[in-house]
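**Student:** need a structure here:
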Amino acid sequence: MSEPRKLEVLRAIVEDYVHSREPVGSKALVERHHLGVSSATIRNDMAALEDEGLITAPHTSAGRIPTDKGYRLFVDQISAVKPLSPAERRAIQALLEGSEDLDDVLDRTVRLLAQLTNQVAVVQYPLLSRARVRHIEFVLLAPRKVLMVLIADTGKVEQRVIDVGQDLPDDALAELRTRFLASLSGTPLSLLPQLLPAVVAGGPPARRGAAQALARGLEALATSSREERMVMAGTANLARSNVDFPLSIGPVLEALEEQVVMLRLLSEMAEDPRGVTVSIGRENPYDGLAEASVVATAYGPDATAKVGVLGPTRMDYPTTMAAVRAVARYLSRILGP
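**Tutor:** I've put the predicted structure just below:
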């Protein structure tokens, strides 16, 4: 069997199985796909694919289904990720735009991606340790009480109320805010502890105590969200795919619940030249995901966090890869500088 025909037969088997969830036979392939050869030839081709470990027979079925190795070869042959339709792009744009709050943007992102793919969608929060100061705001709530707001270039907003230890009029607080913002705008959050003492020392002595309190508050805000987090949606889609997890859906749900497992998996997924990375079945380092596939890509100003989907290996890979890449691009655009 020639290499092009092998790939064509494998593609037809994958597409039919993903669509029907039924093992695929040679007769069905001849009827549904214009392969230009007889049913007997297709049977021989399928035997060759089976010998190579690309397809297998479940139980005593006459049909065949793809193996992890077969899905991998199929995915590797997707030379370019197809673009979404204009309607799909408009839907993404309409849902994701119009919100500056990172929590809201990421929540909308996973709900949208779960809808587009009918899988579980996950997104890592951007690491604030890699983020920079976009804006600082101080709001006087009472003579000594100040609401502090720190906004990072990732869109993350941190805030808290502090006691500055002395009465502050509005103009004095505005002057302190201007000083802090002028000195720290664009600074990596991880460097704030080293830079804040100089900002305090350069201020008016009469406001030194208040400036120190504000500096301590900013440092606390900068370090409060260092731990990695993720948000997900669409777990109900897994329940509808229960038949696609012959062993048990339990380990997959446990992996999602144990966020550290998913965060590690997403972090370790290397970038693919097509911009979307796919990890199939037993390629996943966690045993509980041996019957699942993960499709993910990086997003954000410095592309350090990942967004993606998790579902059964019987997945519409071209459509899923396109949706993940498109959503990541919109997300990067919204959170970009």
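**Student:** hey, which helix or strand in the chain has the poorest pLDDT?
**Tutor:** Across the helices and strands of the chain, mean pLDDT, DSSP states H and E gives its lowest value to helix 86-96, namely a mean of 76.
**Student:** So which bits of the helix or strand just after that helix are buried?
**Tutor:** Counting by DSSP states H and E, the element after helix 86-96 in chain order, helix or strand, is helix 102-117. Neighbour-count burial for helix 102-117, counted by 16 or more other Cβ atoms under 10 Å, picks out 102, 105-106, 108-117. In short, each C-beta sits where N, CA and C put it, glycine included.
**Student:** And for stretch 231-247?
**Tutor:** By neighbour count on 16+ other Cβ under 10 Å, the buried set for stretch 231-247 is 231-234, 237-238, 241, 244-245.
**Student:** Helices - which of these land there?
**Tutor:** 237-238 (DSSP state H).
**Student:** now, which of the buried residues of stretch 231-247 sits nearest Thr41?
**Tutor:** Asp244 (30.3 Å; Cβ to Cβ).
**Student:** Quick check, that closest one in contact with Val252.
**Tutor:** No. Using Cβ atoms under 8 Å, Asp244 is not in contact with Val252; the gap is 9.9 Å.
**Student:** okay, and the common contacts of the two?
**Tutor:** Glu291 (Cβ atoms under 8 Å, 6 or more residues apart in numbering).
**Student:** just to revisit the earlier point, the buried residues of stretch 231-247: which two are farthest apart?
**Tutor:** Farthest pair in those (Cβ to Cβ) is Val231 and Asp244. Separation: 23.9 Å.
**Student:** Low-confidence bits of this structure, can you list those?
**Tutor:** 1, 60-61, 79-80, 98-100, 127-130, 224-227, 242, 246-247, 301, 336-337 (pLDDT under 70).
**Student:** where exactly do the strands run in it?
**Tutor:** Applying DSSP state E to the chain gives strands spanning 55-56, 65-66, 120-124, 133-140, 145-152, 157-163, 230-233, 277-280, 292-299, 305-312.
**Student:** Give me the buried stretch members for the fourth one, please.
**Tutor:** For strand 133-140, burial by neighbour count (16+ other Cβ under 10 Å) applies to 133-134, 136, 138, 140.
**Student:** how about TSV for these, with distance to Tyr71 added?
**Tutor:** Converted to TSV, these look like this (distance: Cβ to Cβ, whole Å):
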residue	distance to Tyr71
Val133	44
Arg134	42
Ile136	49
Phe138	54
Leu140	60
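**Student:** out of those, who's nearest Gly281?
**Tutor:** Closest to Gly281, out of all of these and judged by Cβ to Cβ, is Arg134, at 41.2 Å.
**Student:** Is it correct that that closest one is in contact with Val149?
**Tutor:** No. In this structure Arg134 lies outside contact range of Val149 using Cβ under 8 Å: 10.8 Å.
**Student:** And the buried residues of stretch 231-247, which is closest to Ser26?
**Tutor:** Closest approach to Ser26 among the buried residues of stretch 231-247 (Cβ to Cβ): Asp244, at 23.5 Å.
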